[in-house]
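>>> below is the sequence, then the predicted model.
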Amino acid sequence: MASLLEFIKEKHRTTPLWIKALAPVLLLGGLAVFAVTGAVTAFVITAWLGQPIPVLGFDQTVKQPIAFPHTIHAGTGLFPSTGLPGQFIDGLEMDCTFCHRTVTSQANAGVPPVALCSYCHKVIGPEENPELAKLRKAAGLTEEDPSPINWKRVHRLPDHVRFVHEPHIRYLTQHPSEIRNAAPGVNQLSEALPSQVCSTCHGDVASMLEVKQVEALKMGQCVDCHRENEAPTDCTVCHH
Amino acid sequence: MTTEVFGKHKWGMVVDVDRCTGCQACVLACQVENNVPLNTQERYERARGMAWIRVERYWEGEFPDVKARFIPILCQHCENAPCEPVCPVFATYHNPEGMNVQIYNRCVGTRYCANGCPYIVRFFNYWEPVWPESFRNHLNPDVTVRSRGIMEKCSFCMQRIRRGVRNAAKENRELEDGEIQTACQQACPTDALVFGDIDPDNNRTNPGRAYSMINDDRAYTLLPRLNTDPNVIYLAKVDPDREGGAGGH
């Protein structure tokens, strides 16, 4: 013990001052590197297994050309306006399939054309709402040239996967007990409506101001459900 | 539950060589349907052209008594496929519907399978596929675009099979014979290609057109001595000039 103390004292005398000054910096630096590595690893692992931790724009929301609120159109209750801060608007409870028309018949759910929006917005909604002004411009109501709205994709599986909405909507409407994140009472129905099954993979879109991906939609999730419901699990069904 | 159960069918094709005129419509239809990269002269010169189905031409006889013979060659979807056991990552395997399938995202590009294939119907993407700007909206959205470093081959138009099966399930009925057509079959002006269920154990009331042809007198398979047991069955050329009447290639 004594010799160790001697040793430290000896070192203390012989070590140059600049190294002594550097030591705490190195220690803190080491800790910082450790913390950053840990954070990055945690981020990568969560992103690998499911959804990444929502930091630095990785929160799965996408800036759309027009701030279209699903809340006001598809939800029930009072929702804040995106265009006119401070105002509250009553939800319209529109059916998802009114806008996503091909979801029950085709692979793609489809996002509605501007014409479908201007069907209502030719007259509905205050003039001074900047988001609606953008919409009316795109629809050719306030300016000559109509142009389609360039909506950004929110959910996108890799190119090597073929997803088809139609069989899922068909199966889940017939088997409401398999619907996940369902509204109360839906799981007990004998037959569900198409718009009641979307929550299985998209969460509660009707209460989202901006749509974001809540389910990881990884292969494991798809295959697990396919196994439970006797749906095909051959690779070629999803990869071709 | 649905009436369509996966693995109920065994898909196959009958190629009537007697009807083939060598017009190459099938080749083009396949290329367009399946997003097969465009071939250039340079690629052919380097023996790297890609065509999931090709029409081979043979000359028979001496001038002036010379005859052109055509035979369409596509993946034979062998039951004992030489390409399958050599894949180190199971990217190619035999699926329950009797087809030899290639899972592109599983493929790591060893090219063992192409070396194992005696019919030379597997193609490797040596380059990233590029299409002219005017083709941008021509790609088939139901088919994966294969990137560089991946093996590809005839899939019996898997996307059309899945769609046919889904449509039948949607309407809650049995799949009808001839409802699913491959792109090459659809394009063939002489009806030389017939795709369908060739399951010998099927006990449906209508066994199907392809099934009724596989036991024809003219039926043969390519390279039978290799015992690959193909699901593509050829019907030999009817040739009145030949000894014995009907002769094949």
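That came through fine. Numbering: from 1, shown residues only, chains lettered A, B, ... in the order given.

>>> number of nearby residues for A:Thr173?
18 (other CB atoms under 10 Å in any protein chain shown). Using the backbone N, CA and C atoms, a C-beta is placed for each residue, glycine as well.

>>> contact partners for the closest residue to it other than its chain neighbours?
Excluding the flanking residues, the one nearest A:Thr173 by CB to CB, 6 or more residues apart in numbering or on different chains is A:Ala192, at 4.8 Å. By CB atoms under 8 Å, 6 or more residues apart in numbering or on different chains, the contact set of A:Ala192 is A:Leu172, A:Thr173, A:Pro176, A:Ile179, A:Val186.

>>> could you give the mean pLDDT of stretch B:149-160?
For stretch B:149-160, mean pLDDT is 96.

>>> ignore what I typed, I meant stretch A:53-63.
73.

>>> so, low pLDDT: which residues of the chain?
Assuming you mean chain A. Applying pLDDT under 70 to chain A flags the ranges A:1, A:56-60.

>>> you looked at the wrong chain, it should be chain B
B:1-4, B:203, B:241-249.

>>> any idea how far B:Asn100 is from the spatially most central residue of it?
Against the mean C-alpha coordinate of chain B, by CA atoms, centre = their mean, the closest residue is B:Leu74 at 4.1 Å. From B:Leu74 across to B:Asn100, the span is 11 Å (CB to CB, to the nearest Å).

>>> then B:Gly61?
Taken as CB to CB, the span from B:Gly61 to B:Asn100 is 36 Å.

>>> between those two, which is the more surrounded one?
Each of B:Gly61 and B:Asn100 has its neighbours counted (other CB under 10 Å); B:Asn100 has more, 26 against 11.

>>> what's near enough to touch the more buried one?
Contacts of B:Asn100 (CB under 8 Å, 6+ apart): B:Cys75, B:His77, B:Cys78, B:Ala81, B:Cys83, B:Glu84, B:Thr92, B:Tyr93, B:His94, B:Lys153.

>>> how many neighbouring residues does the last one have?
Summarising burial for B:Lys153: neighbours were counted as other CB under 10 Å, giving 23.

>>> pretty sure it sits against B:Trp52.
Yes - in this structure B:Lys153 lies within contact range of B:Trp52 using CB atoms under 8 Å: 6.1 Å.

>>> mutual contacts of the two, please.
What both B:Lys153 and B:Trp52 touch, as defined by CB under 8 Å, 6+ apart, is the set B:Cys75, B:Val121, B:Phe123.

>>> wait, the first one sits on B:Arg122?
Yes - applying CB under 8 Å as the test, B:Cys75 and B:Arg122 come out as touching, 7.5 Å apart.

>>> which parts of the chain are strands?
Defaulting to chain A. Per DSSP state E, chain A carries strands over the ranges A:78-80, A:88-90.

>>> that's the other chain; I wanted chain B
Going by DSSP E, chain B shows strands at B:11-16, B:53-60, B:67-74, B:92-94, B:100-102, B:123-124, B:151-152, B:193-197, B:219-220, B:232-235, B:238-242, B:245-246.

>>> nearest approach to A:Asn129 belongs to which of the ones you listed?
Closest approach to A:Asn129 among these (CB to CB): strand B:151-152, 50.9 Å.

>>> who are the packing partners of the closest one?
Here strand B:151-152 touches strand B:123-124, going by 3 or more CB pairs under 8 Å, 6 or more residues apart in numbering or on different chains; DSSP states H and E.

>>> and for the strand it packs on, what's in contact with it?
B:Arg48, B:Met50, B:Ala51, B:Trp52, B:Gly109, B:Arg111, B:Ala114, B:Ile150, B:Met151, B:Glu152, B:Lys153.

>>> again, only using 10 Å
B:36-37, B:48-52, B:107, B:109-111, B:113-114, B:146, B:148-154 (CB atoms under 10 Å, 6 or more residues apart in numbering or on different chains).

>>> buried among the residues you listed? Make that a ChimeraX selection.
With 16 or more other CB atoms under 10 Å in any protein chain shown as the criterion, this ChimeraX line picks the buried residues out of the contacts of strand B:123-124:
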select /B:36,37,49,50,51,52,107,113,114,146,150,151,152,153,154
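
>>> what about the helices in chain A?
Assigned by DSSP state H, the helices in chain A fall at A:2-14, A:17-49, A:70-74, A:96-99, A:114-121, A:130-138, A:165-174, A:199-202, A:219-228, A:235-238.

>>> what would those look like in CSV with distance to B:Asp199?
Below are these laid out as CSV (distance: least, CB to CB, whole Å):
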stretch, distance to B:Asp199
helix A:2-14, 83
helix A:17-49, 41
helix A:70-74, 47
helix A:96-99, 38
helix A:114-121, 46
helix A:130-138, 54
helix A:165-174, 23
helix A:199-202, 35
helix A:219-228, 24
helix A:235-238, 18
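
>>> out of those helices, which is closest to B:Asn215?
That would be helix A:235-238 among those, by CB to CB, at 28.2 Å.

>>> what about the closest residue in space to B:Thr92 that isn't next to it in sequence, how many residues close to it?
For B:Thr92, ignoring the flanking residues on the chain, the nearest one in space by CB to CB, 6+ apart is B:Gln102 at 5.0 Å. Using other CB under 10 Å, B:Gln102 is surrounded by 27 other residues.

>>> same thing with A:Val44?
12.

>>> and B:Ala81, by the same measure?
Other residues near B:Ala81 come to 23 when the count uses other CB under 10 Å.

>>> so what's it up against?
B:75, B:92-94, B:99-100, B:113, B:116-117, B:228-231.

>>> quick one: which of those is nearest to B:Glu42?
Nearest to B:Glu42 among these: B:Cys117, at 23.9 Å, using CB to CB.

>>> got the domain ranges for chain A?
Chain A breaks down by automatic domain parsing into domains covering A:2-49, A:64-75+A:93-111+A:155-240.

>>> turn those domains into JSON lines, including distance to B:Gly22.
Shown next, in JSON lines, are those (distance: least, CB to CB, whole Å):
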{"stretch": "domain A:2-49", "distance to B:Gly22": "52"}
{"stretch": "domain A:64-75+A:93-111+A:155-240", "distance to B:Gly22": "29"}
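
>>> pick the most deeply packed of the ones you listed.
The highest mean neighbour count among the domains of chain A, using mean count of other CB atoms under 10 Å in any protein chain shown, belongs to domain A:64-75+A:93-111+A:155-240: a mean of 17.

>>> ends of that domain, what's the gap?
End-to-end distance for domain A:64-75+A:93-111+A:155-240, by CA to CA, to the nearest Å: 31 Å.

>>> would you list every one of the helices in chain B?
Ranges of helices in chain B, per DSSP H, are B:25-33, B:41-45, B:112-116, B:158-170, B:183-187, B:209-213.

>>> residues of chain A that sit close to chain B?
A:104-105, A:107-108, A:158-162, A:164, A:166-167, A:170-171, A:174-175, A:219, A:226, A:229-240 (CB under 10 Å from any CB of the partner chain).

>>> and the contacts of stretch B:15-23?
Contacts of stretch B:15-23 (CB under 10 Å, 6+ apart): B:26, B:53, B:55-57, B:68-74, B:184-185, B:187-195, B:213, B:216, B:218-220, B:222, B:232-239, B:246, B:248-249.

>>> narrow those to those that are buried.
Looks like those have B:26, B:53, B:55, B:69-74, B:184-185, B:187-188, B:192-195, B:213, B:218, B:222, B:232-237, B:239, B:248 buried, using 16+ other CB under 10 Å.

>>> how far away is the residue of chain B most remote from its centre from chain A?
Residue farthest from the centre of chain B, counting by CA atoms, centre = their mean, is B:Pro64 at 34.3 Å. Distance, B:Pro64 to chain A, by CB to the nearest CB, to the nearest Å: 48 Å.

>>> coming back round to it: the residue nearest to B:Thr92 reaches B:Val89, doesn't it?
No - using CB atoms under 10 Å, B:Gln102 makes no contact with B:Val89, being 11.5 Å away.
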